[in-house]
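*Asks:* The sequence and its predicted three-dimensional model are supplied below.
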Amino acid sequence: MKITVDQEACCGSGLCVLRADRVFDQREEDGVVMLLEEAPAPEDFEEVRAAAAGCPTGAIRLAE
């Protein structure tokens with residue numbers, strides 16, 4: 001799995017961090033998503049999929 005994020009599309013909801021905090025974080029100044037791990041470990045796949053599915057703006061994209 002490879003993850004990409006569109007920081008321009010991110011609205012800063014933070015759902016991705018709540019669902020997969022080992023993979024995503026947020027900038028302190030504006031809450032925009034930061035990708036901590038472009039290629040997550042297999043044990044994080046389920047959480048990453050949930051984060052991408054729950055992103056209100058579709059800013060998280062997965063390639064599997």
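*Replies:* Cool, the structure landed. Numbers count the residues shown, from 1 in each chain.
*Asks:* Could you check which helix or strand contains Cys16?
*Replies:* Element membership for Cys16, per DSSP states H and E: helix 15-19.
*Asks:* from the chain's centre, how far out does that helix sit?
*Replies:* Offset of helix 15-19 from its chain centre (CA atoms, centre = their mean, to the nearest Å): 7 Å.
*Asks:* What segments of the protein are strands?
*Replies:* 2-5, 24-26, 33-35, 60-63 (DSSP state E).
*Asks:* mind putting the ones you listed in TSV, mean neighbour count and mean pLDDT included?
*Replies:* To be clear about C-beta, it is placed using only N, CA and C from the backbone, and glycine gets the same treatment. Shown next, in TSV, are these (neighbours: other CB atoms under 10 Å; pLDDT from 0 to 100):
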stretch	mean neighbour count	mean pLDDT
strand 2-5	16	98
strand 24-26	19	98
strand 33-35	18	97
strand 60-63	15	97
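*Asks:* Just send these back as CSV, with distance to Val48 too.
*Replies:* Output for the strands of the chain, formatted as CSV (distance: least, CB to CB, whole Å):
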stretch, distance to Val48
strand 2-5, 6
strand 24-26, 8
strand 33-35, 10
strand 60-63, 7
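*Asks:* Could I get the buried residue list for the helix holding Cys16?
*Replies:* Leu15, Cys16, Val17, Arg19 (16 or more other CB atoms under 10 Å).
*Asks:* my guess is the first one meets Gly54, correct?
*Replies:* In this case it means Leu15. Yes. At 4.8 Å, Leu15 and Gly54 qualify as touching, with contact defined as CB atoms under 8 Å.
*Asks:* Give me the distance between the residue nearest to Ser13 when sequence neighbours are not counted and Arg19.
*Replies:* Closest residue in space to Ser13, ignoring its immediate chain neighbours: Pro56 at 5.5 Å, by CB to CB, 6 or more residues apart in numbering. Pro56 is 13 Å from Arg19, where distance means CB to CB, to the nearest Å.
*Asks:* Would you mind pulling up the elements that the longest helix along the chain packs against?
*Replies:* If you go by DSSP state H, the chain has its longest helix at helix 45-54. Under the contact criterion of 3 or more CB pairs under 8 Å, 6 or more residues apart in numbering; DSSP states H and E, helix 45-54 touches helix 15-19, strand 60-63.
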